[in-house]
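Asks: Based on what follows, work out the 3D shape:
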Amino acid sequence: MRPLLDDPAAGVVREVTAALLPSAELVPEEWLAERLGAGWPRPVRVAAFRLLDARGGIVRRRAAEALLDDSDVKLRGWAGHAVKRG
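Replies: The predicted model follows:
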């Protein structure tokens with residue numbers, strides 16, 4: 001299912017993310033962290049963050065910190081909120 005997280009259709013990315021959330025820890029952290037970068041489309045960055053956020057702890061914090069300067073205001077705000085949660 002991982003290739004579908006890179007699909008150009010935002011709806012596909014959303015559905016795959018929702019399907020993977022219960023087992024987010026099975027998706028490699030490094031693979032997801034790469035997709036937080038500015039070169040990826042917004043739906044891919046959101047999906048990667050949602051899956052990393054679902055893991056909680058230090059994984060959530062690292063992912064959130066990576067997005068604090070994101071160009072997307074909503075994603076940046078979500079990341080800021082995650083950092084405050086700890």
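Asks: C-alpha from now on. contacts and neighbour counts both.
Replies: Will do.
Asks: centre of the chain versus stretch 72-83, how much separation?
Replies: Stretch 72-83 sits 11 Å away from the centroid of its parent chain (Cα atoms, centre = their mean, to the nearest Å).
Asks: Now stretch 9-16: buried residues?
Replies: For stretch 9-16, a neighbour-count test (16 or more other Cα atoms under 10 Å) marks 10, 13-14, 16 as buried.
Asks: Tell me which residues are up against it.
Replies: Residues outside stretch 9-16 that contact it (Cα atoms under 8 Å, 6 or more residues apart in numbering) are 1, 4-7, 43-44, 47.
Asks: Tell me which entries of these lie within helices.
Replies: Using DSSP state H, the members of the contacts of stretch 9-16 that fall in helices are 43-44, 47.
Asks: for those residues, which one is nearest A79?
Replies: A47 (12.8 Å; Cα to Cα).
Asks: Which pLDDT value goes with that closest one?
Replies: In this model, A47 is scored at 98, pLDDT.
Asks: Show me which of the ones in helices among the contacts of stretch 9-16 is closest to L36.
Replies: Nearest to L36 out of the ones in helices among the contacts of stretch 9-16 is V44 (Cα to Cα; 7.7 Å).
Asks: How many residues are close by that closest one?
Replies: 25 (other Cα atoms under 10 Å).
Asks: was I right about it contacting L5?
Replies: Yes. Under the criterion of Cα atoms under 8 Å, V44 makes contact with L5 at 6.3 Å.
Asks: So what's the model's average confidence on whichever helix or strand V12 is part of?
Replies: Taking DSSP states H and E as the definition, V12 sits inside helix 10-20. In this model, helix 10-20 has an average pLDDT of 98.
Asks: Next SSE downstream of that helix?
Replies: Following helix 10-20 in sequence, per DSSP H and E, is helix 29-34.
Asks: Buried residues in that following helix, which are they?
Replies: Buried residues in helix 29-34, counted by 16+ other Cα under 10 Å: 29, 32-33.
Asks: Now for E65, how many residues are close by?
Replies: 15.
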